[in-house]
Structures are given as C-alpha cells and as structure tokens.
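S.K.: Sequence and predicted model, in that order:
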Amino acid sequence: MTATIELAKVIVITEAHYEQEMLTSFQKLGIKGFTCMNCWGQGHHQVYDEPFMDHSQTRIEMITTDEIADSIVDFCRQPRFETHAITVYLESVRVRDPDKFIT
C-alpha cells in the first residue's frame with residue numbers, strides 16, 4: 001500500500017461577493033490550491049438571492065497543513081464577518097502526494 005499523510009481540508013462557505021477577497025487572503029496565508037463551487041442553502045442566516053448573479057454563495061475547499069487551516073479559520077472569524085453568512089469547518093484527509101497540496 002502506498003504511504004499517505006494526514007492533512008487538513010478546510011471548507012469555507014460564504015457569500016459569493018467575498019470569494020475573490022478570501023482567495024487572495026488564503027493564498028497569502030500559504031495555500032497552494034483551491035476548488036470553488038457555486039452553492040446555496042440556509043442555516044443561521046436566511047437564504048438570499050443576488051439579482052444579477054446565478055448563485056448567492058460559494059464553497060471554497062483547500063487541502064493544507066493544520067497551521068494554515070487554523071489561520072484560515074481565524075481569518076473567517078473576524079468581527080467584520082459576524083453578521084454575514086460565512087461558515088468554516090475542517091476535515092482530516094489522507095493524501096498520497098502531499099507536494100500537490102503543500103509547499
């Protein structure tokens with residue numbers, strides 16, 4: 001069996017207009033790559049629709065180190081985001097080629 005190592009998968013679900021700002025900040029924190037998906041849903045905040053967009057929320061996934069994952073969580077917990085629909089959570093994942101995900 002090929003050896004694997006454990007890394008952190010960070011999932012951020014946010015209002016679509018924050019996508020680029022967050023990606024820029026996450027890259028400065030040290031992520032190597034990401035995946036974004038359009039999404040919508042309802043949780044603590046009500047569902048809302050942006051009249052000129054095809055989706056109101058985006059899901060950003062990143063696989064990275066625990067340290068960078070913690071920094072991303074801290075970034076998303078800033079007081080300026082408290083009244084906005086932003087959710088962040090972590091999962092543990094095992095990967096074969098860590099160089100694809102971390103520098």
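M.R.: Looks like it came in fine. Here the structure is a predicted model, which is why all the values come from computation and not from measurement.
S.K.: now the helix or strand of the chain with the lowest mean pLDDT, how far from the centre of its chain.
M.R.: Here the helix or strand of the chain ranked lowest by mean pLDDT, DSSP states H and E is strand 35-39, holding a mean of 93. Computed by CA atoms, centre = their mean, to the nearest Å, the chain-centroid distance of strand 35-39 equals 10 Å.
S.K.: And stretch 61-81, by the same measure?
M.R.: With CA atoms, centre = their mean, you get 8 Å for stretch 61-81.
S.K.: Helices along this protein, start to end?
M.R.: Along the chain, counting by DSSP state H, helices occupy 19-29, 66-76.
S.K.: what's the first one in contact with?
M.R.: Outside of helix 19-29, the residues that reach it under the criterion CB atoms under 8 Å, 6 or more residues apart in numbering are 12, 14, 34, 36, 58, 60, 62, 68, 71-72, 75-76. Where you see a C-beta, it was placed from the backbone N, CA and C, and this is true even at glycine.
S.K.: Nearest to Thr4, out of the helices of the chain?
M.R.: helix 66-76 (15.7 Å; CB to CB).
S.K.: ok, Val73 - how many residues close by?
M.R.: 15 (other CB atoms under 10 Å).
S.K.: Could you measure from it over to Ile11?
M.R.: Distance of Val73 to Ile11, computed by CB to CB, to the nearest Å: 11 Å.
S.K.: Of all the helices of the chain, which one comes closest to Pro98?
M.R.: Between the helices of the chain, helix 66-76 lies closest to Pro98; by CB to CB that is 12.7 Å.
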